[in-house]
Every structure is written in C-alpha cells, then in structure tokens.
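Colleague: here is my input; please provide its structure:
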Amino acid sequence: MSGGVEWGLHCCVVLCGAGEPVPAAKLAKLHDVSPSYLAKQLQLLSKAGLVRSTQGQSGGYRLTRDAAEITMLDVVEAIDGPQPAFRCTEVRRRGPMAVPPERCATPCPIARVMDSADRAWRESLRVVTIADLAAEVDTTTPRELLDRARAWLSA
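Modeller: Numbering: from 1, shown residues only. The predicted structure follows:
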C-alpha cells in the first residue's frame, strides 16, 4: 500500500470536520507533506468522486458526500486502485520441477490464501467510514488541540 493512502485518509478526516473548503496548500502544511505530493493524492480522490475542488478566494477541497458514506476502502482504491495486493504468477509452473498447466486444475494454495486475506482486509476497510475515523479522532485527541486545528484551518 502506498503512503498516499495514509495522506488521503488524513485529508478526508480533516475535510469531514471542516465547515468550508480547505485549500490543498493548507492541507499540505497541516500534515507537513510536500504540496505537489499531496496534490497528486487529492487529484486521485477527486477523480474517484470522493472530493471536489472549488476555485477562487474561498476555494479548496471538500468531500462530495457525507463522511458516513465514504469508506476506508473507497480511499484505498481511489489512490492505489482496486487490484489485489497479491498477484499469482504461477510459480509452480516454472523451473526444473514445473507442473504442467493441465495438472494445475485448482488454484495455487498460496494464491488461495492470499486471495482470502485480501478479501478479509478489504471487507474490514469496507465497514469503516470516514465519519467513524473522525469520531475516533474526536474521542482520542485533546479538545484544545482539535479546537486549535479547526481554528487554524478556518483562518
């Protein structure tokens, strides 16, 4: 999984609590990340329809729908794509002990386990929303820090 997923999730959580659009430069500064790097992640989120940008003096990014309707999996797939983390290359059909294709009637046991793990991982991300993450941030972060962050974002 790319680092962009982490930045994308953090941005979505911030946008969830922001009353106004937040400029990309401000999100980058808040997270101490390169503005050009973060812009790429925001573009991917925008292309997936999770955020949208508005231009102008009060422009910036905002979520396209309620945070309770955006899952962690939505963000992961927007940034890294929907392909599975593991791709079987049929190693068992290679080398001096290669198994002929016609004898490979069932999926490779390694591929089968990795596919099962990928499905479980995706399902666990599918049930956690940006709203869930934001609620946890609210309960685990000192109130004065949250208040300062919100004031800084809206300044």
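Colleague: can you give me the strands in this protein?
Modeller: With strands called from DSSP state E, the chain shows them at 51-54, 60-63.
Colleague: now the last one, how far from the centre of its chain.
Modeller: Here the centre of mass of C-alpha atoms in strand 60-63, compared against the chain's by C-alpha atoms, centre = their mean, to the nearest Å, lies 16 Å away.
Colleague: which other helices and strands contact it?
Modeller: Applying 3 or more C-beta pairs under 8 Å, 6 or more residues apart in numbering; DSSP states H and E, we find strand 60-63 packed against helix 3-17, helix 24-31, strand 51-54. Glycine gets a C-beta too; all of them are placed from N, C-alpha and C.
Colleague: closest to residue 132 out of those?
Modeller: helix 3-17 (9.9 Å; C-beta to C-beta).
Colleague: that closest one vs helix 24-31, what angle?
Modeller: With axes from the mean of the first three to the mean of the last three C-alpha atoms, to 10 degrees applied, the angle from helix 3-17 to helix 24-31 works out at 110 degrees.
Colleague: distance between helix 3-17 and the chain's centre?
Modeller: 7 Å.
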